[in-house]
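Enquirer: Sequence and predicted structure below; questions after.
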Amino acid sequence: MNISFRKIDENNWRECIKLRVGNDQKRFVATNENGLALAYVHKEMNPLAIYNEELMVGFIMYARDPDDGIFYINRFMIDEKFQGKGFGREALAMLLNELRERKIEKVDILHKPDNFHAIKLYQSLGFELTEMKVGDDVISTVKL
Ligand SMILES: CC(C)(COP(=O)(O)OP(=O)(O)OC[C@H]1O[C@@H](n2cnc3c(N)ncnc32)[C@H](O)[C@@H]1OP(=O)(O)O)[C@@H](O)C(=O)NCCC(=O)NCCS
């Protein structure tokens, strides 16, 4: 496994919007089209393609809230064909490491309250569920 992040640009955006989660997972995450549109409007968002070697396997997006300065992850998906191979864990751990190196002290992640596979993964990386909610999402947080 060799996971890396790359910016979404004119060469890879089509591949990004072709990535798919399983039908039963669609309610857990908006489409990548939606993520890229959000990033177009909110310039503080950092949409990143997740690659294993030269193959795009997923999408993750993080931002620093311009109002309170808190870093949060609001998109995270691995294409259904590539799930269960450890790519998601490796990518999330890598992003947390990058933010830690930038001296960021805390990161929130937004997720549906019943996304139990994702919650198990987040907790194994140190996230703890909070009481905070944003719309239908709840927030887990990790101190870096
Ligand atoms: C959540 C998600 C990003 C995890 O990515 P992944 O590459 O499949 O995860 P990994 O292979 O790194 O596995 C991470 C852990 O989750 C568990 N896991 C992941 N998918 C699972 C599934 N469908 N069923 C059971 N366990 C699962 C693995 O067993 C693993 O645990 P372990 O490391 O203790 O063995 C991916 O499943 C996904 O895109 N889901 C749909 C979208 C979503 O829910 N995104 C999160 C929105 S907040």
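Expert: Noted; the coordinates are in hand.

Enquirer: Minimum distance to the ligand, which residue of the protein gives it?
Expert: Gly88 (2.1 Å; Cβ to the nearest ligand atom). Where C-beta positions appear, they are placed from N, C-alpha and C, glycine not excepted.

Enquirer: okay, that residue: pLDDT?
Expert: The model reports Gly88 with a pLDDT of 98.

Enquirer: Confirm Arg75 sits in a strand?
Expert: Yes: counting by DSSP: H, G, I helix; E, B strand; the rest coil, Arg75 is located in a strand.

Enquirer: contacting residues for the residue of the chain closest to the ligand?
Expert: Gly88 is in contact with 58, 76, 78, 121, counting by Cβ atoms under 8 Å, 6 or more residues apart in numbering.

Enquirer: redo that, cut-off 6 Å
Expert: Ile78 (Cβ atoms under 6 Å, 6 or more residues apart in numbering).
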